[in-house]
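S.K.: Need a 3D model of the following:
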Amino acid sequence: MTTTLTPEPGTIIIFSDIWCSFAHIAVHRLHRTRERLGLTDRVRFDHRAFPLELLNDAPSPRPGTDSEVGRMAALEPDAGWQLWQAKDWLYPSTTLPALEAVQAAKEQGFAASEQLDLALRKAFWAESRCISHRKVILDAAASTGVVDVDALAAALDDGRARRTLSEQAAIAATDRVNCSPHLFLPDGTDHANPGIEVGWVGSYGIGWPVVSSDDPSVFEDILKRAAA
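M.R.: Predicted structure coming up:
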C-alpha cells in the first residue's frame, strides 16, 4: 500500500468525495486556475478517495447536500449546481463505484482520471444524475472525450481498482487526512478545504453552512508551488 502523501514535483494529491460540495468548489477552482496560469501541462491532479459513507458508516444524507447547494453555489456558480431534479429513488446511495472508476481511469493517465472526476461531479451536482449507476459512470467517461470507455468498463468489471480504493479509504480514516477536500503538495505542505472557513448552524442535514471567509486566490499559490 502506498502511504506517502508527498507527491512528486508537478503533482497535487487531492483527497475528496464526489458528493462533497466543498470538494466540488476546490476541484473547479483548481482546474480553472491551472488553465489560467498556463500550467495544464506542468501540474497534474492525483485524485484519491475520501469516502464519506465509509468514514461516517452511513450514506451521505440528501438533506445535507441539499442544504449546501444554495450557499456553496453562491461562491462558485460556474462550477454547476442545482437542487436534485430527478426522481427521489434515483438519488445515489453511494459514491464508491464512481470513486473506484476515477482510480481505474488512472491506468489511462492522470488526464483521464482528472476529466472523469470532473465529469462525475458535474453529473451529480449540475445534472442530478445517479452516479452510483454503471451506465451513468460510463456515460460521464464518454463525455470527456479522453477516457477510453471500453477500457474503463473492463476495469470496473474485474474490480482491479477496488483494492486501491480501500487502501485510500484506510488512509483517509487516519488523522493524516482531515476532510474533503484535503490537498498535499510536493513541498510537504497540505491544505484542508483551502481558502474557505465554514461553520454550521444546526446539525448536518438539518441546519446549513455558514461561510465566514472565502479566498479563491489561494489556489494560485498552491498551483505555482506544485509546479516549482
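S.K.: what are the ranges of the helices in this protein?
M.R.: 21-36, 52-55, 62-73, 96-105, 110-125, 134-144, 149-158, 162-172, 218-227 (DSSP state H).
S.K.: What lies in contact with the shortest one?
M.R.: Counting by C-beta atoms under 8 Å, 6 or more residues apart in numbering, helix 52-55 makes contact with 17, 19, 20, 59, 60, 94, 95, 96, 169, 172, 173, 180, all of which sit outside it. To be clear about C-beta, it is placed using only N, CA and C from the backbone, and glycine gets the same treatment.
S.K.: repeat that with 6 Å
M.R.: With contacts defined as C-beta atoms under 6 Å, 6 or more residues apart in numbering, helix 52-55 is touched by 17, 59, 60, 169, 173.
S.K.: Point out the least confident one among those residues.
M.R.: Least confident entry in these, by pLDDT: residue 60, with 84.
S.K.: That residue reaches residue 19, doesn't it?
M.R.: Yes: using C-beta atoms under 6 Å, residue 60 is in contact with residue 19, at 5.2 Å.
S.K.: More neighbours: these two, which one.
M.R.: Set side by side, residue 60 and residue 19 show more neighbours around residue 19, with 27 against 22, by other C-beta atoms under 10 Å.
S.K.: Just the pLDDT for the residue lying farthest from the centre of the chain.
M.R.: The C-alpha centroid of the chain is most remote from residue 202, which lies 25.1 Å away (C-alpha atoms, centre = their mean). Residue 202 carries a pLDDT value of 87.
S.K.: Good, we can wrap up now.
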